[in-house]
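> just coords:
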């Protein structure tokens, strides 16, 4: 009986991990699509060579 319980716990953990990986993949894809849409509409942030901060004097 103990081995059966361990197997069920392990299977549930694998299912949770797979669900989490699917969610991460979906979020990454949504971010990519948002960046592409912003780039197409010209709403992309200005990313000059100086980066985020102004250059020191």
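The structure has been received and is ready for your questions. Owing to the predicted nature of the structure, the values given are computational and were not obtained by experimental measurement.

> can you tell me the average pLDDT over the helix or strand that residue 17 is a member of?
Taking DSSP states H and E as the criterion, residue 17 maps to helix 2-41. For helix 2-41, the mean per-residue pLDDT is 95.

> which helices and strands sit right next to it?
Packing contacts for helix 2-41, counted by 3 or more C-beta pairs under 8 Å, 6 or more residues apart in numbering; DSSP states H and E, involve no helix or strand. For the C-beta atoms, the positions are set from N, CA and C on the backbone; glycine is no exception.

> How far does it sit from its chain's centre?
9 Å (C-alpha atoms, centre = their mean, to the nearest Å).

> Could you list the buried residues of that helix?
Across helix 2-41, burial judged by 16 or more other C-beta atoms under 10 Å covers no residue at all.

> State the distance from the spatially most central residue of the chain to residue 35.
When the chain is reduced to its mean C-alpha position, the closest residue under C-alpha atoms, centre = their mean turns out to be residue 28, at 3.8 Å. Taking C-beta to C-beta, to the nearest Å as the measure, residue 28 falls 11 Å from residue 35.
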